[in-house]
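Enquirer: No letters, just coordinates:
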């Protein structure tokens, strides 16, 4: 079984609530779209700085539009600089996330339970979903080739909106596999079926 | 076949020649040992900054004692900041390495062919080498477990001075696998035999 996937790499970024956008950038402030990353979602021109007990990480790209919860997706290396625990989380599950202080041009706000390291995951291609042996909820392994070839184990499969399977990793994972730009991988095994 | 290995993670660091130590730190300068990392080798208290066509990377730890050649071992993420090609090299093979400008407190020097991304490799445990099926020159795959479990393919086997097998990766590779501190892995397959 070989299923081709598109690899999508994320750098550190911030999902803020509408209230936090105002607190960090000013009353009535609206984010300025820089680049589309989905149907509605975009990378904004705005960045923030996060502070932890040990240090800070600057230039964290703010994503838009605002969400109902705050989630700062960090690289594992960032968590060492900040002095916080590297909590591996699925997006939206921030109960165990680290407390951070966030800073924008208009202010500094302490935000509990917002700092996470995103768990790698694969969005199943929707249109062709029934062609795949892989199902939502499965744990699979994905191989990404090249000189720095890596097999990523423990990849959770989620539903997706795109036609194709999209494998989401962060830039440390991408760099570990020597990836640059748009690349492809393949599902090499289903390790666990839910 | 399962062979247990110790994982050793390196951050960006610089091996300088004695001449470069003097050019960057001053005439007659000697590096100050901060931490032993081998029988003779040590991490020094000194750091340098590297400049590429696009940007700079600061706080690159200088290793001692000086070597007969200059080799700046970078993270793949650093090569983007610097604007240089990410040349994956074995230590000491710097013919295709990137040109950099190095800066220390006493000066700035253009150094051709010095910037590399180190190729992951495994040093075979010497004392017990004959117990292993794995031989120097083999290409193997190494699994590192945990929540962010990864199998690193394309790992070249080299000779080693330690009793145990030591698997050398950089911090981006370690972070991709969720590693912190001393960890262990296992050789899961011999992919190619030289």
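Expert: Right, received. Where do you want to start? Note that the coordinates shown come from a computational prediction; the quantities given were computed from them, not determined experimentally. Numbers count the residues shown, from 1 in each chain, chains lettered A, B, ... in the order given.
Enquirer: In space, not sequence, find me the middle residue of chain A.
Expert: The centre of chain A sits closest to residue A:118, judged by C-alpha atoms, centre = their mean, with a distance of 5.1 Å.
Enquirer: residue contacts, that residue?
Expert: A:10, A:73, A:88, A:89, A:90, A:91, A:168, A:170 (C-beta atoms under 8 Å, 6 or more residues apart in numbering or on different chains). C-beta coordinates here come from the backbone N, C-alpha and C atoms, glycine included.
Enquirer: which one of these sits closest to chain B?
Expert: Using C-beta to the nearest C-beta, residue A:88 comes nearest to chain B of those, at 5.3 Å.
Enquirer: ok, the closest one to residue B:180 distance?
Expert: Distance, residue A:88 to residue B:180, using C-beta to C-beta, to the nearest Å: 12 Å.
Enquirer: between these two, which one's more packed in?
Expert: More crowded of residue A:88 and residue B:180, by other C-beta atoms under 10 Å in any protein chain shown: residue A:88, with 17 against 13.
Enquirer: does chain B sit close to stretch A:175-185?
Expert: Yes - Stretch A:175-185 lies within reach of chain B by C-beta under 8 Å from any C-beta of the partner chain, at A:175, A:176, A:177, A:178, A:180.
Enquirer: Selection in ChimeraX covering whichever of those are buried, please.
Expert: With 16 or more other C-beta atoms under 10 Å in any protein chain shown as the burial test, the buried ones among these are selected in ChimeraX as follows:
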select /A:175,176,177,178
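Enquirer: Which two of the residues of stretch A:175-185 next to chain B have the greatest separation?
Expert: Spatially, the most separated pair among these is A:176 and A:180, at 12.5 Å (C-beta to C-beta).
Enquirer: per-domain residue ranges of chain A.
Expert: A:11-118, A:120-191 (automatic domain parsing).
Enquirer: Now the terminal residues of the shortest one, how far apart.
Expert: I take that to be domain A:120-191. Using C-alpha to C-alpha, to the nearest Å, the end-to-end distance of domain A:120-191 comes to 15 Å.
Enquirer: how about the residues of chain A that lie near chain B?
Expert: Residues of chain A lying near chain B (C-beta under 8 Å from any C-beta): A:75-77, A:86, A:88, A:119-120, A:141, A:143, A:147-154, A:169, A:171-173, A:175-178, A:180.
Enquirer: From the structure, what's the count of residues near residue A:48?
Expert: Neighbour count for residue A:48, taken as other C-beta under 10 Å: 25.
Enquirer: what residues are up against residue A:64?
Expert: Residue A:64 sits next to A:31, A:33, A:41, A:42, A:43, A:44 when contact means C-beta under 8 Å, 6+ apart.
Enquirer: What score does the last one have for pLDDT?
Expert: This points to residue A:44. On pLDDT, residue A:44 comes in at 98.
Enquirer: Helices of chain A, start to end?
Expert: A:18-25, A:76-82, A:171-176 (DSSP state H).
Enquirer: Pick the most buried one from those helices.
Expert: Of all these, helix A:171-176 has the most neighbours on average by mean count of other C-beta atoms under 10 Å in any protein chain shown, namely a mean of 26.
Enquirer: Next, the angle helix A:18-25 makes with the longest strand along chain A.
Expert: When chain A is parsed with DSSP state E, its longest strand is strand A:107-118. Orientation check (axes from the mean of the first three to the mean of the last three C-alpha atoms, to 10 degrees): strand A:107-118 against helix A:18-25 gives 120 degrees.
Enquirer: distance between strand A:107-118 and the chain's centre?
Expert: 15 Å (C-alpha atoms, centre = their mean, to the nearest Å).
Enquirer: quick one: buried residues of it?
Expert: A:109, A:111, A:113, A:114, A:115, A:116, A:117, A:118.
Enquirer: how about the strands in chain A?
Expert: Counting by DSSP E, the strands of chain A are A:3-10, A:13-15, A:33-36, A:42-51, A:56-64, A:71-73, A:88-89, A:98-104, A:107-118, A:121-123, A:139-144, A:150-158, A:166-170, A:183-192.
Enquirer: Can you give me every residue that contacts the residue lying closest to residue A:54 once chain neighbours are set aside?
Expert: For residue A:54, ignoring the flanking residues on the chain, the nearest one in space by C-beta to C-beta, 6 or more residues apart in numbering or on different chains is residue A:83 at 2.5 Å. When contacts are counted by C-beta under 8 Å, 6+ apart, residue A:83 is found next to A:52, A:53, A:54, A:55.
Enquirer: And residue A:146, by the same measure?
Expert: A:177, A:178, A:179.
Enquirer: Below-threshold pLDDT in chain A: ranges please.
Expert: In the predicted model, chain A carries pLDDT under 70 at residues A:1-2, A:126-131.
Enquirer: that older thread, residues in a beta bridge with the residue nearest to the centre of chain A, which ones?
Expert: In this entry, residue A:118 is beta-bridged to residue A:89, by DSSP bridges.
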